[in-house]
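Chemist: please find the sequence and the predicted model below.
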Amino acid sequence: MNDFIQEILIDEQEIDGICSKIAADISRDYANSQKKLLLLCILKGSVVFMGELMKKITVPVEIDFMKVSSYGSGTSSAGKINILLDLHRGDLEDIDIVIVEDIIDSGRTLSHLTEYLKLKGAHSVRTCTLLDKPSRREVNFNADYVGKIIPDKFVIGFGLDYDEKYRALPFVGVLRPEYVKN
């Protein structure tokens, strides 16, 4: 194991199972929809998860991206939601959006984006996350599709980073505390 990894929390096989389960749920829920299904990836952490998820969805699906900032440097949350790259479409009333996120901590980002996209006119907005830390929730928010509930540990890999490092790991691991600057 790499010296910066304290433990592997979710291995490649479990991640594959999570992606398959969520994709099956999304495929079932949108099988009879007359609207376009859009997976909306929140950059950058969700790219790997969305890439795996979309390969397993069995209904027609489009993809798009938003970039939202809610973190400061390192592990500290800024507490403010900044939209750095917005979704621009003229057909939102014909779109069912599933926001794809890597992890939910406070819940502020997805709560904000859900309401924001509804106000922009989306037909429907649901949320999907690979990982959920409900112990860190600061707002009343629950995702529609949740891969795995995890403890309050700082995790990296499968798109999740620490200061832009470790995203390419094929598993989700816990970063050793000595590698985290506070």
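Modeler: Now that the structure is in, tell me what you want to look at. Residues are numbered from 1 along each chain as shown.
Chemist: what's the spacing between Val155 and Val180?
Modeler: Counting by Cβ to Cβ, to the nearest Å, the gap between Val155 and Val180 amounts to 11 Å. C-beta coordinates here come from the backbone N, C-alpha and C atoms, glycine included.
Chemist: who has more neighbours, these two?
Modeler: The neighbour count for Val155 versus Val180, taken as other Cβ atoms under 10 Å, is higher for Val155 (26 against 14).
Chemist: what's around the nearest residue to that one once chain neighbours are set aside, how many residues?
Modeler: Counting by Cβ to Cβ, 6 or more residues apart in numbering, Val172 is the residue found nearest to Val155 once chain neighbours are left out, at 5.3 Å. The tally of other residues near Val172 (other Cβ under 10 Å) stands at 27.
Chemist: Asp161 now?
Modeler: When neighbours are defined as other Cβ under 10 Å, Asp161 has 17 of them.
Chemist: out of everything not next to it in sequence, what's closest to it?
Modeler: Distance criterion Cβ to Cβ, 6+ apart; nearest residue to Asp161, sequence neighbours excluded, is Arg167 at 4.7 Å.
Chemist: how many residues are close by the residue nearest to Asp3 when sequence neighbours are not counted?
Modeler: Among residues not flanking Asp3 along the chain, Arg176 sits closest, at 7.6 Å (Cβ to Cβ, 6+ apart). In terms of burial, Arg176 registers 14 neighbours under the definition other Cβ under 10 Å.
Chemist: now for the longest helix along the chain, which elements pack on it?
Modeler: Scanning the chain for the longest helix, with DSSP state H as the assignment, gives helix 12-29. For helix 12-29, the elements it packs on are helix 47-56, strand 124-132, strand 145-149, judged by 3 or more Cβ pairs under 8 Å, 6 or more residues apart in numbering; DSSP states H and E.
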